[in-house]
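> sharing a model prediction with you, sequence too.
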Amino acid sequence: MQVKVIGAGFSGLVTAYYLVKAGCKVQVVEKSARVGGLIRTLQTPNGPVETAANGIRNSVRLEAMCADIGVPLQSTRRAARARFIFRGRPRRFPLGIPDVLEMGLRFAASATSLRPRPLETISDWGRRVVGEGATDFFLAPVLGGIYAGDPDRLSASLVFGQAVLPDHLQTTRPARPKLHGTVAPPNGMQQLVDGLCDYLDRAGVESVLNHEAKIAAGEPAVVCTSARGAAECLADVAPQLSESLRQVEMMPVVTATCQYDPAAAKLKGFGCLFPRSEGFRARGVLFNECIFAGRGPAHSETWIFGGALDRSIVELSDQELMQLIATERERLYGEHHEAIGIHLTSRPQALPHYSIDLERILTKLPAPPANVALAGNYLGRIGLAKLIERAAFVAKEFPKTL
Ligand SMILES: Cc1cc2nc3c(=O)[nH]c(=O)nc-3n(C[C@H](O)[C@H](O)[C@H](O)COP(=O)(O)OP(=O)(O)OC[C@H]3O[C@@H](n4cnc5c(N)ncnc54)[C@H](O)[C@@H]3O)c2cc1C
């Protein structure tokens, strides 16, 4: 039986991998001229530059897949254990004594109802369970850094994986391996994409690039695109589902990887997050060569902007963006350094907003026709480790229904 995988981003490649493992004949169709979707690693003389994910939470399935396709994984460096949140200055522990006391009291008072309520936002859950200080200076910046969402609209149920989703969106939870934490291939995330492509080639999978796929009635297909892409693909065969997916709000993200002389490395750690009230426009900055070995020779920082609360970031010119980074960086370190390389990636529709509106959409999402399954980062799990679980689940269950 041949299954068409629509989209050759990470979800599509991993879905194709598991379908091959399940014994299916697979064709991968990609709209653009390259595979990998959001993920891409540029190799520059000053070190590698990631355009989206820089790492992936390790899991039993990831380890097994990488061993099978011959892609090595490295864990984060010791230095990456330090994580900073800006409160007046970069701090490893941004909460004051009153915040900790409030957190203890609230936590004790809500011990029986830690579980998020349906349609409860992260701000509401946080104020109810951990208090205002811990919400504003820990929860909101940390989740903002992962989801780029608005804490007043981010869905606590979706973020904590507690939303009750329909059967057709079921998946498995990543099992924890011995080496837990974030990992990445030594040459960057592109190495994982390339390893998957090589494996699929060897397995005889046909890949079609530059082709916007449609689904013919009855044709077995797994749609592995963004929500917008899925809405387009499904318009003819599942108009109601397509209409629901069209409502999924997408958010812009701009990343700037800036390379400096190694002496410009002023903080050692994973990175620093900026709570909204601190007046930075950046949501956070990553210290790349502290996270994984081999990311030099330059000191490399990735500044992350945009999300639900800063849609106009994509309107800035490259010059304006570089000026903004110089100003915010000077505020972070109290001194100026000249970048020796800057690589900007601007995406007006980078990520789905994990808002209570998405929770509403997903909990009532109509099932696709029997010949179609969905995979992708808008279905309740945004991280790559969870996209792998969904891909493996679909590849195991979907062929049984055909
Ligand atoms: C800046 C940034 C940093 C991130 N950091 C991390 C991180 O550190 N760790 C982590 O786990 N996750 C991270 N993520 C999230 C992760 O990168 C994404 O969730 C993931 O890459 C999405 O993969 P995907 O295949 O689902 O979607 P996409 O990458 O969007 O791929 C979808 C593909 O489908 C194609 N397509 C669309 N319509 C059609 C059609 N009709 N026919 C054929 N093809 C079509 C598109 O061209 C595209 O190639 C980050 C994301 C961003 C933006």
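Right, received. Where do you want to start? In this text, all values refer to a predicted model and were calculated from it rather than measured experimentally. Residues are numbered from 1 along each chain as shown.

> distance from the lowest-mean-pLDDT helix or strand in the chain to the middle of the chain?
Across the helices and strands of the chain, mean confidence by mean pLDDT, DSSP states H and E is lowest for helix 97-109: a mean of 84. The chain centroid and the centroid of helix 97-109 are separated by 31 Å, computed with C-alpha atoms, centre = their mean, to the nearest Å.

> could you pull out the buried residues of it?
For helix 97-109, a neighbour-count test (16 or more other C-beta atoms under 10 Å) marks 99, 102-103, 106 as buried. Bear in mind the C-beta positions are built from the backbone N, C-alpha and C, glycine included.

> which stretches in the stretch 251-400 of the chain count as helices?
In the stretch 251-400 of the chain, the helices defined using DSSP state H, counting those that start in this stretch lie at 288-291, 318-333, 356-363, 384-397.

> which residues touch the first one?
This means helix 288-291. Helix 288-291 is contacted by residues 47, 50, 54-55, 76-77, 79-80, 182, 257, 265, 268-271, 295-296, 298-302 when judged by C-beta atoms under 8 Å, 6 or more residues apart in numbering.

> got a PyMOL select line for the buried ones in those?
Command for PyMOL, covering only those of these found buried under the criterion 16+ other C-beta under 10 Å:
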select buried, resi 47+50+54+55+76+80+182+257+265+269+270+271+295+298+299+300+301+302
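
> of the contacts of helix 288-291, which are in range of the ligand?
Contacts with the ligand within the contacts of helix 288-291, counted by C-beta under 6 Å from any ligand atom: 54-55.

> and L200, what does it touch?
With contacts taken as C-beta under 8 Å, 6+ apart, L200 has the following neighbours: 13, 16-17, 20, 26, 28, 207.

> same check on G188?
41, 43, 48, 50, 54.

> and for L241?
Residues in contact with L241, defined by C-beta under 8 Å, 6+ apart, are 234, 365-368.

> where does the chain dip in pLDDT?
Counting by pLDDT under 70, the chain shows no low-confidence range.

> can I get the contacts of L200 in CSV with neighbour count and secondary structure?
Output for those, formatted as CSV (neighbours: other C-beta atoms under 10 Å; DSSP: H, G, I helix; E, B strand; the rest coil):
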residue, neighbour count, secondary structure
L13, 29, helix
A16, 30, helix
Y17, 26, helix
V20, 19, helix
V26, 24, strand
V28, 26, strand
S207, 19, strand
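
> now the closest residue to the ligand within the stretch 201-350 of the chain. Nearest residue, chain neighbours left out?
Residue nearest to the ligand within the stretch 201-350 of the chain (C-beta to the nearest ligand atom): G229, separated by 2.9 Å. Leaving aside its chain neighbours, G229 sits nearest to G7 (6.3 Å; criterion: C-beta to C-beta, 6 or more residues apart in numbering).

> how close does that neighbour sit to A16?
Separation of G7 from A16 (C-beta to C-beta, to the nearest Å): 10 Å.

> over to N54?
Counting by C-beta to C-beta, the gap from N54 to A16 is 23 Å.

> how about L158?
According to C-beta to C-beta, L158 stands 27 Å off from A16.
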